[in-house]
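J.: the sequence and its predicted three-dimensional model are supplied below.
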Amino acid sequence: MKNISDILIVGGGLNGPALALALAQTGHSVTIVDALQPEQQAEDDFDGRGYALALASQRLLQRIGVWQHVADHAQSMLDIKVTDGHAGQGPSPFFLHFDHTELEEGPMGYMVEDRFLRRAFQKAMSETPGISRINGRKVLSQASDANAVDVTLDDGTELRGRVLVGADGRRSGTAQRAGIKRTGWDYGQTALVCAIHHEKAHNGVAHQFFMPAGPLAILPLPGNMSSIVWSERTETAKAIHALADQSYLQALRPRFGDFLGEISLAGKRFTYPLGLSLANSFVAPRLALVGDAAHGMHPIAGQGLNAGLRDVGALAEVLTEATRRGEDIGAIPVLERYQQWRRFDTATLAAATDAFNRLFSNDNPVLRLGRDLGLGLAGAIPGLRRNFMREAAGLTGDLPKLLKGEMI
């Protein structure tokens, strides 16, 4: 006998559980398939990975019952400083400074470690009726007809739902099985990710330092710690990642500077190849894609998870309103409302991150002068600066209700 739910979600990272919670709280039955076991998602070891959550994303997490489990481990991002320059030479005199006191809503966002966020999602799902979880299993096949979508797992389990959602990353098997192709390219860059202890307090300030090889983001974590996302040319990144810890720090120090005093490594080190990857369609018959399954972009603006949570808010709202109107939630006209809502915003964000990366990740003197003057101009005009701040906080555009902190 098949396990029957309204919604089947493939992918148990962050976007999948967020969607499961949002839909279950509006009365839908949800089954989420996760290749990992719950204990793997809830590991407590500090590994240095963190997420920059925009204020709008924090509102969604609060509304779906996750934030209460992670708030004590979150660090407010009060200010953001954007600079341009060379490693070891310090930033140029032109910079952009976002001060949270210019926003009525409060901090522009929060930094939360990966381990705490995943654990909070697991706890929230365990407390929410209507969510069935299948762990340690992979999807072998999927097929849809006029009334339902059927999924078979690698242990022979059969699932049936009205809508299948792929939240399974850039290499989404859900998208591939539906015949959805992707458009994108590699940037020839790799992100080196770690966390550091530092001698001085960061005071809740996030830094983005643009260098010719790629940007360095220094993102505040609770205490005297920061998360580092350091982009380098791929070959250089491989060589740096292969170094012993102390040699790794020697490579980081001239890029990092001394404004936070002495630094040391905390937790593990990771690398991630950087590229752009957009699904050519976000929907198919009885199927929708969210998060990296729909769009993977450069971390230059820190919007990856935030864009995924916008997908979650939009899809949950579209499906819930369709249910209340008595519509077939898996019908293409319903799913296309979600795609229409999210595709333009996503394409615009992807194009912006692509352009910023190309503009700043080079040492062309003409481009350097132009972008430095641009940073200085943006910082000097209050209205323009405020617009950038509201964009960073996720407060612009056609926001789903959950990202406004409202019930669907």
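T.: Happy to help now that I have it.
J.: His73 touches Pro222, doesn't it?
T.: Yes: His73 is in contact with Pro222 according to C-beta atoms under 8 Å; the separation is 6.5 Å. From N, CA and C alone the C-beta is placed, and that goes for glycine too.
J.: settle it for me: which of the two has more neighbours?
T.: Neighbour comparison, His73 and Pro222: the larger count goes to His73, with 17 against 14 (by other C-beta atoms under 10 Å).
J.: check which helix or strand the residue lying closest to that one once chain neighbours are set aside maps to.
T.: Closest residue to His73 apart from its sequence neighbours, by C-beta to C-beta, 6 or more residues apart in numbering: Phe116 at 4.3 Å. Taking DSSP states H and E as the criterion, Phe116 maps to helix 114-126.
J.: now that helix: buried residues?
T.: For helix 114-126, burial by neighbour count (16 or more other C-beta atoms under 10 Å) applies to 114-125.
J.: in a markdown table: those, plus distance to Gly65 and pLDDT.
T.: Formatted as a markdown table, these follow (distance: C-beta to C-beta, whole Å; pLDDT from 0 to 100):
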| residue | distance to Gly65 | pLDDT |
| --- | --- | --- |
| Asp114 | 19 | 90 |
| Arg115 | 19 | 89 |
| Phe116 | 15 | 92 |
| Leu117 | 13 | 94 |
| Arg118 | 15 | 92 |
| Arg119 | 14 | 92 |
| Ala120 | 9 | 95 |
| Phe121 | 10 | 95 |
| Gln122 | 12 | 93 |
| Lys123 | 9 | 94 |
| Ala124 | 5 | 96 |
| Met125 | 9 | 96 |
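J.: and which of these is nearest Pro333?
T.: For the buried residues of helix 114-126, the minimum distance to Pro333 (C-beta to C-beta) is 30.3 Å, reached by Met125.
J.: can you pull up the bridge partners for the closest residue to that closest one other than its chain neighbours?
T.: Excluding its sequence neighbours, the residue lying closest to Met125 (C-beta to C-beta, 6+ apart) is Ile131, at 5.2 Å. When bridges are taken as DSSP bridges, the partners of Ile131 come out as Val30.
J.: quick revisit: what is the helix holding Phe116 packed up against?
T.: Helix 114-126 sits against helix 15-24, helix 38-41, strand 50-54, with contacts defined as 3 or more C-beta pairs under 8 Å, 6 or more residues apart in numbering; DSSP states H and E.
J.: quick one: closest of these to Leu289.
T.: Comparing these against Leu289 with C-beta to C-beta, the closest turns out to be helix 15-24 (10.0 Å).
J.: helices or strands up against that closest one?
T.: Using 3+ C-beta pairs under 8 Å, 6+ apart, helix 15-24 is in contact with strand 7-10, strand 30-34, helix 55-63, helix 114-126, strand 131-135, helix 304-324.
J.: repeat that with 6 Å
T.: Contacts defined by 3 or more C-beta pairs under 6 Å, 6 or more residues apart in numbering; DSSP states H and E place helix 15-24 against strand 7-10, strand 30-34, helix 114-126, helix 304-324.
J.: in TSV: the ones you listed, plus distance to Asp168.
T.: Formatted as TSV, the helices and strands packed on helix 15-24 follow (distance: least, C-beta to C-beta, whole Å):
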stretch	distance to Asp168
strand 7-10	5
strand 30-34	9
helix 114-126	16
helix 304-324	12
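J.: would you single out the least confident of the ones you listed?
T.: Among the helices and strands packed on helix 15-24, helix 114-126 has the lowest mean pLDDT, at a mean of 93.
J.: what residues does that helix touch?
T.: Residues outside helix 114-126 that contact it (C-beta atoms under 6 Å, 6 or more residues apart in numbering): 17, 21, 38, 41-42, 49, 65-66, 69-70, 73, 131.
J.: ok, stretch 249-266 next?
T.: Outside stretch 249-266, the residues that touch it by C-beta under 6 Å, 6+ apart are 87-88, 195-200, 216, 225, 240, 245.
J.: go with 8 Å
T.: 46, 48, 87-88, 90, 194-200, 202, 209, 211, 216, 218, 224-226, 228, 230, 240, 243, 245, 248 (C-beta atoms under 8 Å, 6 or more residues apart in numbering).
J.: can you show me the CA trace of that stretch as PDB?
T.: The C-alpha coordinates for stretch 249-266 follow below in PDB (Å, rounded to 0.1, in the frame of the first residue of the first chain):
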ATOM      1  CA  LEU A 249      46.400  31.200   8.700                       C
ATOM      2  CA  GLN A 250      49.600  32.700   7.300                       C
ATOM      3  CA  ALA A 251      47.800  32.900   3.900                       C
ATOM      4  CA  LEU A 252      44.700  34.300   5.400                       C
ATOM      5  CA  ARG A 253      46.200  37.000   7.600                       C
ATOM      6  CA  PRO A 254      47.300  39.500   4.900                       C
ATOM      7  CA  ARG A 255      43.800  39.300   3.400                       C
ATOM      8  CA  PHE A 256      42.100  39.400   6.800                       C
ATOM      9  CA  GLY A 257      44.100  42.300   8.300                       C
ATOM     10  CA  ASP A 258      44.700  43.000  11.900                       C
ATOM     11  CA  PHE A 259      41.600  45.000  12.900                       C
ATOM     12  CA  LEU A 260      40.400  42.100  15.100                       C
ATOM     13  CA  GLY A 261      43.800  41.300  16.600                       C
ATOM     14  CA  GLU A 262      45.300  37.900  16.700                       C
ATOM     15  CA  ILE A 263      43.300  35.100  14.900                       C
ATOM     16  CA  SER A 264      43.200  31.300  15.100                       C
ATOM     17  CA  LEU A 265      41.200  28.600  13.500                       C
ATOM     18  CA  ALA A 266      38.100  27.200  15.000                       C
END
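J.: off-centre distance for that stretch?
T.: 26 Å (C-alpha atoms, centre = their mean, to the nearest Å).
J.: thanks a lot, see you next time.
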